[in-house]
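Trainee: Have a look; sequence and predicted model below, questions after that.
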Amino acid sequence: MRHQKKINHLGRKSAHRKAMLSNMAASLIIHKRIHTTVAKAKALRIFVEPLITKSKEDTTHSRRMVFGYLQNKEAVTELFREISKKIMERPGGYTRILKTGNRFGDNAEMCMIELVDYNEIMLSTRDEGKTKTTRRRRGVAKKKGAETSEQTEEKPAKVEKPAKEKPAKAEGKPIKADNAPSDAIEPEVNSTPAEEKPEE
């Protein structure tokens, strides 16, 4: 039984598997991007990311440790001179796997594994996007509460006044206002002169 044995042996003996991962890691470091199967890419990611983390500390001991895995001087030099500067602020996740479909011969699932900080297209789209903001529930609630309190202090509550009803004009009858005394009302006088009746 192979309980909790998560390593993918990739159908190879240990010596063959270590040599293959070492060569793939060196190629990834030098070329920044390689095409392979998804199973090999996942195994390579587990192999190469600890080596990239070791490159953050440029000491003789770190270089010798990384060289023991890669067995390639060019890859070690590239890793400690160029790549380590770019990934210094990144706390992990140095590689990205992008699936590219299936292979025609055996229908194996293929992908491209690359170093995250060397994909200029994705970096440019990330910069153009929205700026990342921290989600703080308490701070936002306090700010909203402060704004509402300020608004209530500055602007007193409006008291609705009853709308004054305009008296409607009735034809031929005098209009009586509510507050005006009864003596002040004058009867309306027709503007047109009345026709004079002939005297008999």
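Mentor: Good, I have the coordinates. Numbering: from 1, shown residues only.
Trainee: Report how many residues lie close to Asp106.
Mentor: Look at Asp106: counted by other C-beta atoms under 10 Å, it has 7 neighbours. The way it works is simple: take the backbone N, C-alpha and C, and place the C-beta from them, glycine included.
Trainee: Three-state assignment for it, please.
Mentor: Counting by DSSP: H, G, I helix; E, B strand; the rest coil, the backbone at Asp106 sits in coil.
Trainee: And Ile52, by the same measure?
Mentor: Three states are possible here, and by three-state DSSP the one that applies to Ile52 is helix.
Trainee: Which residues are in contact with the closest residue to it other than its chain neighbours?
Mentor: The shortest distance from Ile52 to any non-neighbouring residue, by C-beta to C-beta, 6 or more residues apart in numbering, is to Tyr94 (4.7 Å). Tyr94 makes contact with Val48, Glu49, Ile52, Ile87, Leu115, Val116, Asp117 under the criterion C-beta atoms under 8 Å, 6 or more residues apart in numbering.
Trainee: repeat that for 7 Å
Mentor: Going by C-beta atoms under 7 Å, 6 or more residues apart in numbering, Tyr94 touches Glu49, Ile52, Ile87, Leu115, Val116.
Trainee: How about Gly93?
Mentor: For Gly93, the contacting residues are Val116, taking C-beta under 7 Å, 6+ apart as the criterion.
Trainee: Wait, a strand at it?
Mentor: No. Assessed with three-state DSSP, Gly93 is coil; it does not lie in a strand.
Trainee: Could you measure from it over to Lys86?
Mentor: Relative to Lys86, Gly93 is positioned 13 Å away (criterion: C-beta to C-beta, to the nearest Å).
Trainee: And the pLDDT at the residue nearest to Ile52?
Mentor: Looking at Tyr94, its pLDDT is 95.
Trainee: Touching, Val38 and Ile113? I think so.
Mentor: No. Between Val38 and Ile113 there is no contact, the gap being 9.2 Å when judged by C-beta atoms under 7 Å.
Trainee: Look at these two and report which has more neighbours.
Mentor: The residue with more neighbours, out of Val38 and Ile113 and counting by other C-beta under 10 Å, is Ile113; that gives 21 against 16.
Trainee: Quick one: classify that one as helix, strand or coil.
Mentor: Judged by three-state DSSP, the three-state class of Ile113 is strand.
Trainee: quick one: contacts for it?
Mentor: The contact partners of Ile113, taken as C-beta under 7 Å, 6+ apart, are Leu28, Ile34, Thr36, Ala41, Leu44, Arg45, Thr95, Ile97.
Trainee: Could you report the separation of it from Arg81?
Mentor: If you measure Ile113 against Arg81 using C-beta to C-beta, the figure is 22 Å.
Trainee: Could you pull out the helices in the protein for me?
Mentor: Secondary structure of the chain (DSSP state H): helices located at 14-31, 38-54, 60-70, 73-78, 84-86, 120-128, 137-154.
Trainee: so Glu109 makes contact with Asn102?
Mentor: Yes. Taking C-beta under 7 Å as the definition, Glu109 is a contact partner of Asn102 at 5.8 Å.
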